[in-house]
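**Q** need a structure here:
(chains A, B, C and D)
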There are 2 protein chains.
Amino acid sequence: MKPRHIHRSEDCRAVSDILQRVGDKWTVLVVGKLGDGPLRFNELRTAVGGISQKMLTTTLRGLERDGFVTRTVYPTIPPRVDYELTELGCELLKPVNALGEWARSNTDRVNAARARFDAANLPGQMKPVLVSGK
Amino acid sequence: MKPRHIHRSEDCRAVSDILQRVGDKWTVLVVGKLGDGPLRFNELRTAVGGISQKMLTTTLRGLERDGFVTRTVYPTIPPRVDYELTELGCELLKPVNALGEWARSNTDRVNAARARFDAANLPGQMKPVLVSGK
DNA sequence: AGCTCTAGTATCCGTTGGATACCTGAACTA
DNA sequence: TAGTTCAGGTATCCAACGGATACTAGAGCT
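**A** Sure, this is the predicted structure:
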């Protein structure tokens, strides 16, 4: 077994690391909304739709920590907080959108594959233990 | 039902859906290793490194279900199972690698941002709740 | 006095990730 | 004859995490 490409494991880890940040349930949606311009907390909340306060807070904190968004607090009453993509965040948006484009054009194939798989593995059906795939 | 306003939110969901599949802790690593050619279960296990049997099984089942890898069982004793990327899997690899490339070239910036953020929010430090000069 | 607004925290709980132990069935070993 | 090894899993258990709900602050409005 000889590798055809040289893969540095640390690079793969870095990729995995970024993907874990970007790949959670809400991050892309939030970043996508922020791609149109800065938004306040609750604007973002309704724009994304279906996200809880806690998860939006968590997601935004993570993005802020990684330098993808800035958080600006206006000490008014009631308080006002604006979130905006940094340049790093905008740059991240490009490859993410590329992946998004791929996802958009291949959802059908993935769904078809899932349907096929689920049909082949009906719940409660006897599964042959050792069967050669031909 | 909202038949008229498609408004890309559904697309965002599709993107999020794919990213959740791709963005978990192990999927990219596994797909990356398989990008070099088919591998057996334990070859994959040692190639990835640090993954438990259960998680490798789970990951591979998911990838198989979505049509990204094929699973071929040879009914020998002891059994032999080969995993190989499908064409769909190979195509997925492209945008993922693009994102990986981005990740590789921006890890430093992200790490710097994290360090900055963590330094600003030292654990146990008093955080001003609403403070701003203006 | 009570309710509203904003941007959160605190709490609880079900789902998930991951380590460990166990299973198959033939062949090799003691 | 019993025990051990091989590969590729499953079963089980527990900790960590995601997410829904409830609660907080402080000023203004009714």
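
**Q** How about the residue of chain A at minimum distance from chain B: what's its closest non-neighbour residue?
**A** In chain A, the residue that lies nearest chain B is A:Gly23 (1.4 Å; Cβ to the nearest Cβ). To be clear about C-beta, it is placed using only N, CA and C from the backbone, and glycine gets the same treatment. Counting by Cβ to Cβ, 6 or more residues apart in numbering or on different chains, B:Gly23 is the residue found nearest to A:Gly23 once chain neighbours are left out, at 1.4 Å.

**Q** Could you do A:Lys94 as well?
**A** With Cβ to Cβ, 6+ apart as the criterion, A:Lys94 has its nearest non-adjacent residue at 7.5 Å, and that residue is B:Trp102.

**Q** Then A:Ala47?
**A** Using Cβ to Cβ, 6+ apart, the closest residue to A:Ala47 is A:Lys33 (4.6 Å).

**Q** Surely the one you found is within a helix?
**A** Yes - assessed with DSSP: H, G, I helix; E, B strand; the rest coil, A:Lys33 lies in a helix.

**Q** returning to that earlier point: regarding the residue nearest to A:Lys94, what is its secondary structure?
**A** What three-state DSSP gives for B:Trp102 is helix.

**Q** Any figure for the gap between it and DNA strand C?
**A** From B:Trp102 over to DNA strand C the distance is 23 Å, taken as Cβ to the nearest atom of the strand, to the nearest Å.

**Q** What's the local residue count around that residue?
**A** Residues contacting B:Trp102 under the criterion other Cβ atoms under 10 Å in any protein chain shown number 18.

**Q** tell me the contacts of it?
**A** Each residue near B:Trp102 by Cβ atoms under 8 Å, 6 or more residues apart in numbering or on different chains is listed here: A:18, A:91-92, A:94-95.

**Q** Which residue ranges of chain A form helices?
**A** Under the criterion DSSP state H, helices of chain A are mapped to A:9-22, A:27-34, A:41-48, A:53-65, A:87-120.

**Q** which stretch in those has the least confidence?
**A** Mean pLDDT is lowest for helix A:9-22 out of those, coming in at a mean of 75.

**Q** for that one, which positions count as buried?
**A** Using 16 or more other Cβ atoms under 10 Å in any protein chain shown as the test for burial, helix A:9-22 gives A:11-19, A:21-22.

**Q** what residues does chain A put near DNA strand D?
**A** Proximity of chain A to DNA strand D, by Cβ under 7 Å from any atom of the strand, involves residues A:24-26, A:50-55, A:58, A:77-78.

**Q** Show the buried residues in those.
**A** When the residues of chain A next to DNA strand D are checked for burial by 16+ other Cβ under 10 Å, the buried set is A:24, A:26, A:51, A:55.

**Q** Of these, which pair is most distant in space?
**A** Largest separation among these by Cβ to Cβ: A:Asp24 and A:Ile51, giving 11.3 Å.

**Q** what touches both of these two?
**A** Residues touching both A:Asp24 and A:Ile51 by Cβ under 8 Å, 6+ apart: A:Thr59.

**Q** Could you check how far the residue positioned nearest the centre of chain A is from DNA strand D?
**A** By Cα atoms, centre = their mean, chain A has its centre lying nearest to A:Gly23, at 3.0 Å. According to Cβ to the nearest atom of the strand, A:Gly23 and DNA strand D sit 10 Å apart.

**Q** Hmm, that residue is touching B:Asp17, no?
**A** No - assessed by Cβ atoms under 8 Å, A:Gly23 is found out of contact with B:Asp17, at 10.5 Å.
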